[in-house]
Structures are given as structure tokens and as C-alpha cells.
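Undergrad: below is the sequence, then the predicted model.
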Amino acid sequence: MERVKLTEKFSGFSENWVPKVVGELNGQFVKVVKFVGEYVWHSHDHEDEMFLVFDGHIDIHFRDRVVGLDPGEFCIVPRGVEHKPVAERQASVILFEPATTRNTGSVDHNYTIEPHNLERI
């Protein structure tokens, strides 16, 4: 049991769209990731996904609407719902999702990282 300092975790990397594992509980990963630009449209057939904004602003695009998130706000994307995160400027985001979650769902893309290849910081 130890304290996790999110500010230190976010300052330790610069890549965008490359989640880093900072914790694990009950089969869930807590990940930190930086966003800038547009991600790929995707969905997760078996997992819900939670986006919590730590710094900056992101928009979660759905096929029928856009949900904007500022620091301290989160959105849970239910399994099977197609979505695309977008950030006009760099944003720092915390993700909560099952450890088996593939970041691009069933879509193969340059951003795809298999769960067993995620870096732990």
C-alpha cells in the first residue's frame, strides 16, 4: 500500500494516446494517459470504460452527441457504445477499466496496445 501522486505520474511521460498503468484493483486497471487530437472510433464489447479528466478538457464523441469533460468530471461509456475521445489541447486523463480492456476495442489501429504490453509506472 502506497500513495500514488498523479502529478508525478503525468510528468513522467510525454506520449499521447499511450496509457500507463498506475494501479490495479479487483481486476481493474487505473491508467493515466495524455490526449491531444482525435482518437479512433471504437467500442468495447465486454467492458465499460470510465474517463476522469485530471487536467485540460476532452470531448467524448458519440454517434448522437458529444459529452464535454473538464477537470474533476468523468463519463462512463457503457460496453458496446461506439465513442471517440477528442482533445483540442493536451489533456491528462485517468481511465478505469478491466485489466483485459484493449484500448481500441475491436478496431486495429496504430494506437492499439494489447493489455499485456501496457507499461506500469
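TA: Now that the structure is in, tell me what you want to look at.

Undergrad: what are the ranges of the strands in the protein?
TA: 20-25, 28-38, 49-55, 58-62, 66-69, 74-77, 83-98, 119-120 (DSSP state E).

Undergrad: redo the ones you listed as CSV? Include distance to residue 107 and mean pLDDT.
TA: Glycine gets a C-beta too; all of them are placed from N, C-alpha and C. Listed next are those as CSV, based on distance: least, Cβ to Cβ, whole Å; pLDDT from 0 to 100:
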stretch, distance to residue 107, mean pLDDT
strand 20-25, 21, 96
strand 28-38, 14, 97
strand 49-55, 14, 97
strand 58-62, 14, 98
strand 66-69, 20, 98
strand 74-77, 14, 98
strand 83-98, 10, 97
strand 119-120, 21, 95
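
Undergrad: how about these, which one is nearest residue 11?
TA: With Cβ to Cβ as the measure, strand 83-98 is the member of the strands of the chain nearest residue 11 (9.6 Å).

Undergrad: buried sites along that closest one?
TA: Under the neighbour-count criterion of 16 or more other Cβ atoms under 10 Å, strand 83-98 has 83-87, 91-98 buried.

Undergrad: any chance of these in JSON lines, with distance to residue 71 too?
TA: Listed next are the buried residues of strand 83-98 as JSON lines, based on distance: Cβ to Cβ, whole Å:
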{"residue": "83", "distance to residue 71": "20"}
{"residue": "84", "distance to residue 71": "21"}
{"residue": "85", "distance to residue 71": "15"}
{"residue": "86", "distance to residue 71": "17"}
{"residue": "87", "distance to residue 71": "13"}
{"residue": "91", "distance to residue 71": "9"}
{"residue": "92", "distance to residue 71": "9"}
{"residue": "93", "distance to residue 71": "10"}
{"residue": "94", "distance to residue 71": "11"}
{"residue": "95", "distance to residue 71": "15"}
{"residue": "96", "distance to residue 71": "16"}
{"residue": "97", "distance to residue 71": "20"}
{"residue": "98", "distance to residue 71": "25"}
